[in-house]
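K.L.:
Got a predicted structure here, sequence first:
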Amino acid sequence: MPLILKLGNVLDAQTDAILLTVDGMARKADPAKSIGGSREILGGNVANQFAGRWPEDWADMHLDLPFPIPTGRSVGTRWDGEFPWQLVILASTLHHLGVSSDVEELAIIRGAFAEALLIAQRHHVKSLATVALKGGWRLPLADTVNAMLSVYRQAEPSTQQIDLLLVTNDQEEMGVFAEIARKYGLLG
């Protein structure tokens, strides 16, 4: 299992693809845009940092993306922009309407992550970088990482050949990542 745990910023990852979380059902409000509003999907923390680093690519990329992206689903777009990845995958795990139970939220994470892995496989990428898909719900980190790694562990053998780079900038979180990865036999 090519799982790599890394301490640092996911936006500095040297991988073929990156996974960002969004609210695929909502658009950013931008009064400066036409009456139709902005085409940009509401991003999570890392997606917003991505948009800050590569604003033109972020805005233009949305012209090629379907909308809405149902909650619990993912979409990918190949993009030849200023950023280092050949594939950007957006996982619709954030939602601003309704309140879900922890069980429903973890199912959303599992579904979106499973689809993200399939998209990466379909695009023949060798590596995918992501952070823990906490979904902004204040779910326990261990639960979200457990959901993600259970999906990765149960994925098709060809999908498991994709190097999964799980990144955090927090040493304590890294310990949680390692503990759960060992539970699934993904680390020695």
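P.N.:
Right, received. Where do you want to start? Residues are numbered from 1 along each chain as shown.
K.L.:
C-terminal to the top helix by length along the chain, what's the next element?
P.N.:
As far as residue count goes, and with DSSP state H defining each element, the longest helix of the chain is helix 102-122. Using DSSP states H and E, the helix or strand that directly follows helix 102-122 along the chain is strand 127-130.
K.L.:
Strand partners (parallel or antiparallel) of that next one?
P.N.:
When pairing is defined by DSSP bridges, strand 127-130 lines up against strand 17-27 (parallel), strand 163-168 (parallel).
K.L.:
Nearest to residue 101 among those would be which one?
P.N.:
Using C-beta to C-beta as the criterion, the shortest distance between residue 101 and those is 18.4 Å, found for strand 17-27. (C-beta placed from N, C-alpha, C; glycine too.)
K.L.:
Could you give the average pLDDT over that closest one?
P.N.:
Strand 17-27 carries an average pLDDT of 81.
K.L.:
and that strand with helix 102-122, angle?
P.N.:
If you take axes from the mean of the first three to the mean of the last three C-alpha atoms, to 10 degrees, strand 17-27 sits at 130 degrees to helix 102-122.
K.L.:
which residue sits closest to residue 66 in space, ignoring its chain neighbours?
P.N.:
Closest residue to residue 66 in three dimensions, ignoring its sequence neighbours and counting by C-beta to C-beta, 6 or more residues apart in numbering: residue 75, at 6.0 Å.
K.L.:
Kindly export stretch 103-117 (C-alpha atoms) in CSV.
P.N.:
Taking only C-alpha atoms (Å, rounded to 0.1, in the frame of the first residue of the first chain), the coordinates of stretch 103-117 have been written out as CSV:
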residue,chain,number,x,y,z
VAL,A,103,-23.0,8.8,10.5
GLU,A,104,-24.4,10.6,7.5
GLU,A,105,-21.4,13.0,7.4
LEU,A,106,-18.9,10.0,7.5
ALA,A,107,-20.9,8.4,4.6
ILE,A,108,-20.5,11.6,2.6
ILE,A,109,-16.7,11.6,3.2
ARG,A,110,-16.5,7.9,2.3
GLY,A,111,-18.5,8.4,-0.9
ALA,A,112,-16.6,11.4,-2.1
PHE,A,113,-13.2,9.9,-1.3
ALA,A,114,-14.0,6.6,-3.0
GLU,A,115,-15.1,8.6,-6.1
ALA,A,116,-11.9,10.7,-5.9
LEU,A,117,-9.8,7.6,-5.9
